[in-house]
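>>> Let's see this in three dimensions:
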Amino acid sequence: MNYISQEYIEQGIKVEISVLDIPKKTKEYHLIFHFTNCSSKFENQVESLYTVLEKYIHQNLLPDTKPIFARCYLSDIVNQHNEIGKILSLLECSVSIIGQPMMDGSKIALWVIMRTNVEIIRKNEAFIISHNGYLQSFFSERIDEKFSNLNINEQTSHLLTTFEEKLKTFDYSLEANCLRTWFYINDIDNNYFEFAKARKENFEKNGLTTKTHFIASTGIEGKLQYPQQKIMMDAYVIEGLDKEQIQYLYASDCMSSTMNYGVTFERGVMIAYGDRKNVFISGTASIDQYGNIVHIGDIEKQLLRMLQNVKILLEEAGCSFEDISMMIIYIRDIGDYPFVRNYFDKYFSQIPTLILLSSICRPAWLIEIECIASTTSYNASFSDY
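Numbering: from 1, shown residues only. Prediction:
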C-alpha cells in the first residue's frame, strides 16, 4: 500500500491518502480529510473543506478518478446537517452523513473513496459503479421521519425490509449481494439488544443463517438528523461475483462466533479479483475465543488485544497491517483519547485514520476498530477489479 499526506496550510486541512498502485490496473484511493486547525467556526470549516475537496474532484489532483462513496462525520448533526450543501454538491456518488464527534476537536471530517476506470450509472436513485463486469453500489439507508415513532426493534425491521425491497428492483438480494454493512444506533447502550434481535429475525427470513453466512458489519453509536430516528445503515453491494471469490473471515482461534453471544455478523470478508484482494474487517474489539470481553477497564490492554484480533483476521485473508487502506477507531471515553492517539501516531502514522467518540455495543468495551485492506493477488479465474 502506498501512502500520501498532503497539507493545506491556509485551509488548516490535512488529507491522508492510500492507494494500491498496480501498474496498468484500476487505482482505488481512500482519502480522509482532517482539520489541523480545529478552532474555526463550523461554516468556516465547511468552506475550507469545500476548497480542498474541489481540488481533488475538479482540478485533477488524482487524474481520471471519480468519487464512488463518501461519508461525512459531523460533531452536531442536528444543527449541522442542512449546512453542508456545498460539500455535497461536489460528490456525485452515494454520501452518508452521520453524527459522530471527532476526537481531535474538529466539527466535520470526510472519508472519500475515489477510483479510476469506472463508469457510474444512475438507476432508481442509486449510483452503480460499473467495471469489468462487476456492478458495485453503496447505499445509505435512513428511517423516514414519519416512522420515527416506532421503537428500535420496529425501526430496524422496517429499515431492513425497505432495503430488501429496494435491492429487488436491481434483481439483487441481501443474501447474495450484500458484502458489508454499517449500522449506526442512537443510544446504543439501551437499544443494541432489540436492534440485534430484529436483525436476526430479518436475516432468518432472508436466508442468512448459521448454515449459510451473515454479513461483515459494524454496529456502533451514531446520531441522525432527527433524534427520534434510532437507526441508520450503510451497505456495500456487488453483482457479478462468483461464490468462489468470497471468503468470510473467522479467526476462530482467538474470537468466538458472533452467534455465541446472540448477534449475526461475520468478522470480516475477503473478496478476490483477478488482480487483487479487497478485505473488509468488521468492527473488532477486545474479545476472546469464548465471546468474553477481555481486560475490562484497561484501555491499553484492550487496544492490544483488539489489534491482535485484527492481525489474525488480516492474516486469514492473506494480508497484514501494511496492506490497510484506512481505519476507523471508536473510543467510548474521551479521557482515553491521548493514549489512543499517541499509540496510533507511533505505530500506524501513515494509514488514513479517523478516531471518533462513540459508544460500542457492549458498555465494557472501551475501544473498537474497523478497517479496509487491499493487496496484490493474481487469479486468472476472475476478472480484475
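>>> Just the buried residues of stretch 141-152, please?
If you call a residue buried by 16 or more other C-beta atoms under 10 Å, then stretch 141-152 has these buried ones: Glu141, Arg142, Ile143, Leu150, Ile152. In short, each C-beta sits where N, CA and C put it, glycine included.
>>> Report the mean per-residue pLDDT for stretch 229-240.
For stretch 229-240, the mean pLDDT works out to 97.
>>> How about stretch 3-22?
If you average the pLDDT over stretch 3-22, you get 97.
>>> For that stretch, list the C-alpha coordinates in CSV.
Extracted in CSV, the C-alpha atoms of stretch 3-22 (Å, rounded to 0.1, in the frame of the first residue of the first chain):
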residue,chain,number,x,y,z
TYR,A,3,0.5,6.4,1.5
ILE,A,4,0.4,10.1,0.7
SER,A,5,-0.1,13.0,3.1
GLN,A,6,-0.9,16.5,1.8
GLU,A,7,-1.3,19.5,4.0
TYR,A,8,-3.2,22.7,3.1
ILE,A,9,-1.9,25.4,5.5
GLU,A,10,-4.3,28.2,4.5
GLN,A,11,-7.3,26.0,4.9
GLY,A,12,-6.0,24.1,8.0
ILE,A,13,-6.6,20.7,6.4
LYS,A,14,-4.5,17.6,6.1
VAL,A,15,-5.5,14.9,3.6
GLU,A,16,-4.4,11.4,4.2
ILE,A,17,-4.4,9.2,1.1
SER,A,18,-3.8,5.5,0.4
VAL,A,19,-3.7,3.7,-2.9
LEU,A,20,-2.8,0.2,-4.1
ASP,A,21,-0.8,1.0,-7.2
ILE,A,22,-0.8,-1.9,-9.6
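>>> For that stretch, give me every contacting residue.
Contacts with stretch 3-22, where a contact means C-beta atoms under 8 Å, 6 or more residues apart in numbering, come from 1-2, 27-37, 40, 48-49, 51-52, 56, 275-276, 323-326, 350-353, 374-376.
>>> Write the ChimeraX selection for whichever of these are buried.
Applying 16+ other C-beta under 10 Å to the contacts of stretch 3-22, the buried members can be selected in ChimeraX as follows:
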select :1,27,28,29,30,31,32,33,34,35,37,40,48,49,52,56,275,276,323,324,325,326,351,352,353,374,375
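>>> In strands, which of the contacts of stretch 3-22 appear?
Members of those lying in strands (criterion: DSSP state E): 2, 28-35, 276, 324-326, 353, 374-376.
>>> Do you know the pLDDT at Tyr261?
Tyr261 is assigned 86 on the pLDDT scale.
>>> So it is in contact with Gly291, correct?
Yes: using C-beta atoms under 8 Å, Tyr261 is in contact with Gly291, at 4.5 Å.
>>> For the stretch 151-300 of the chain, which residues score under the pLDDT cut-off?
Applying pLDDT under 70 to the stretch 151-300 of the chain flags no residue at all.
>>> go again using 90 as the cut-off
Scanning the stretch 151-300 of the chain for pLDDT under 90 picks out 225-228, 259-262.
>>> Could you chop the protein up by domain?
The record's domain parsing of the chain by automatic domain parsing lists 1-117, 130-240, 243-385.
>>> list the contacts for Glu315?
Glu315 makes contact with no residue, according to C-beta under 8 Å, 6+ apart.
>>> how close does it sit to Ser217?
Separation of Glu315 from Ser217 (C-beta to C-beta, to the nearest Å): 21 Å.
>>> Next up, the contacts around the residue nearest to Gln308 when sequence neighbours are not counted.
Distances taken as C-beta to C-beta, 6 or more residues apart in numbering place Cys254 nearest to Gln308, at 6.7 Å, with adjacent residues excluded. Taking C-beta under 8 Å, 6+ apart, we find Cys254 in contact with Asp288, Gln289, Gln308, Asn309, Ile312.
>>> part of a helix, is Cys254?
No: Cys254 is assigned coil when assessed by DSSP: H, G, I helix; E, B strand; the rest coil, not a helix.
>>> Phi first, then psi, for it.
Cys254 has phi and psi values of phi -130, psi -10 when expressed as degrees, to the nearest 10.
>>> distance of it from Thr264?
Between Cys254 and Thr264 the distance is 20 Å, computed by C-beta to C-beta.
>>> ditto for Phe138
22 Å.
>>> Lys168 - how many residues pack around it?
11 (other C-beta atoms under 10 Å).
>>> Next, give phi and psi for it.
phi -60, psi -30.
>>> likewise the one 5 residues further on?
Taking degrees, to the nearest 10, you get phi -140, psi 160 for the backbone angles of Ser173.
>>> pretty sure it contacts Asn206?
Yes: at 7.1 Å, Ser173 and Asn206 qualify as touching, with contact defined as C-beta under 8 Å.
>>> list the residues that contact both of those two?
Shared contacts of Ser173 and Asn206 (C-beta under 8 Å, 6+ apart): Glu164.
>>> Next, Tyr378: secondary structure please.
Tyr378 - assigned by three-state DSSP - is coil.
>>> my bad, Gly105
Three-state call for Gly105 (three-state DSSP): coil.
>>> Roughly how far does it sit from Ile328?
Remark: distance between Gly105 and Ile328 (C-beta to C-beta) = 17 Å.
>>> before we move on, what about Asp384?
Taking C-beta to C-beta, one finds Asp384 at 27 Å from Ile328.
>>> Please say which of the two ends up with more neighbours.
Ile328 (24 against 18).
>>> who touches the more buried one in this structure?
Going by C-beta under 8 Å, 6+ apart, Ile328 touches Trp111, Thr353, Leu354, Ile355, Leu356, Ile369, Glu370, Cys371.
>>> Provide the backbone phi and psi angles at the fifth one.
Meaning Leu356. According to degrees, to the nearest 10, Leu356 has phi -120, psi 150.
>>> give me the number of residues near it?
Neighbour count for Leu356, taken as other C-beta under 10 Å: 21.
>>> How about it, nearest residue that isn't a chain neighbour?
Gln100 (4.5 Å).
>>> hang on, isn't the one you found packed against Arg71?
No: between Gln100 and Arg71 there is no contact under C-beta under 8 Å: 9.6 Å.
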